[in-house]
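# quick one: sequence plus predicted model below, questions after.
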Amino acid sequence: MTNQPAHEHKSQAPSSIGCLVITCSDTRTPETDTSGQRIIQALTDAGHRVVAYFIVKDEPGQILFRVGQGVANDEIQAVIINGGTGISKRDSTFEAVDAMMDKRLAGFGEIFRYLTYREIGSPAIMSRATAGTVKNRVVFSIPGSENAVKLAMEALILPELPHLVQQLTK
């Protein structure tokens, strides 16, 4: 049995992915959500579609509801959540998302923290960025800072998003 090279897998990937963007914040509004807007802009610049965008409080019930709606929508193949991945009392995004995952992509969080460490040093250990699948959709949960969003989108999510979605269709 031979394995196809990675570039062949990627060449079979869809060019445009339907995405749901969720910002988890107790304080942001559509006007002040620069991280959510950065994600939307990066996705659209890369040719992907933002099917829906929500700002929710950092409350597990709200997060679970919006992710659940997203993965039930046939137009959405990927969910990108920003915010709530730290360790403060209000940060509950990780627990909500992790509880829903069917499969975890541990390498995403590991590499994200490594790249963050190269930029900011030891505070990178406080990030609980994660990724995986929920009901055959890829789900990313990243910190809400603009720098973290830029790093995650440019270095990890955009380069692999079509390939990940293609793999979920096999």
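Now that the structure is in, tell me what you want to look at.
# packing partners for the longest helix along the chain?
If you go by DSSP state H, the chain has its longest helix at helix 106-120. For helix 106-120, the elements it packs on are strand 130-134, helix 146-151, judged by 3 or more C-beta pairs under 8 Å, 6 or more residues apart in numbering; DSSP states H and E. Glycine gets a C-beta too; all of them are placed from N, C-alpha and C.
# just these: most buried one?
Comparing these by mean neighbour count (mean count of other C-beta atoms under 10 Å), strand 130-134 ranks first with a mean of 21.
# quick check, central residue of the chain?
F140 (2.3 Å; C-alpha atoms, centre = their mean).
# residues contacting it?
A78, V79, I80, I81, F108, A129, T130, A131, A152, I157 (C-beta atoms under 8 Å, 6 or more residues apart in numbering).
# cool, I81 as well?
Counting by C-beta under 8 Å, 6+ apart, I81 has contacts V21, I22, T23, C24, I63, V67, T93, V97, V139, F140, S141, I142.
# secondary structure element holding it?
If you go by DSSP states H and E, I81 is part of strand 78-82.
# list the buried ones in that strand?
A78, V79, I80, I81, N82 (16 or more other C-beta atoms under 10 Å).
# just to check, the second one is in contact with T133?
To tie it back to what came earlier, the one meant is V79. No. In this structure, V79 is not within contact of T133 by C-beta atoms under 8 Å, at 10.1 Å.
# any shared contact partners between these two?
Joint contacts of V79 and T133 (C-beta under 8 Å, 6+ apart) are V139.
# show me where this protein has strands.
Along the chain, counting by DSSP state E, strands occupy 18-24, 49-56, 78-82, 103-104, 130-134, 137-142.
# right, and those - which one's nearest I120?
Of all the strands of the chain, strand 137-142 sits nearest to I120, with 14.6 Å by C-beta to C-beta.
# pull the distance from that closest one to the chain's centre.
In terms of C-alpha atoms, centre = their mean, to the nearest Å, the centre of strand 137-142 is found 4 Å from the chain centre.
# avg pLDDT for the strand holding I81?
The pLDDT scores in strand 78-82 average 98.
# what do you get for stretch 13-21?
Mean per-residue pLDDT for stretch 13-21: 92.
# export the contacts of I81 to JSON lines and tack on distance to D45?
Shown next, in JSON lines, are these (distance: C-beta to C-beta, whole Å):
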{"residue": "V21", "distance to D45": "14"}
{"residue": "I22", "distance to D45": "19"}
{"residue": "T23", "distance to D45": "19"}
{"residue": "C24", "distance to D45": "23"}
{"residue": "I63", "distance to D45": "26"}
{"residue": "V67", "distance to D45": "24"}
{"residue": "T93", "distance to D45": "25"}
{"residue": "V97", "distance to D45": "25"}
{"residue": "V139", "distance to D45": "21"}
{"residue": "F140", "distance to D45": "17"}
{"residue": "S141", "distance to D45": "22"}
{"residue": "I142", "distance to D45": "18"}
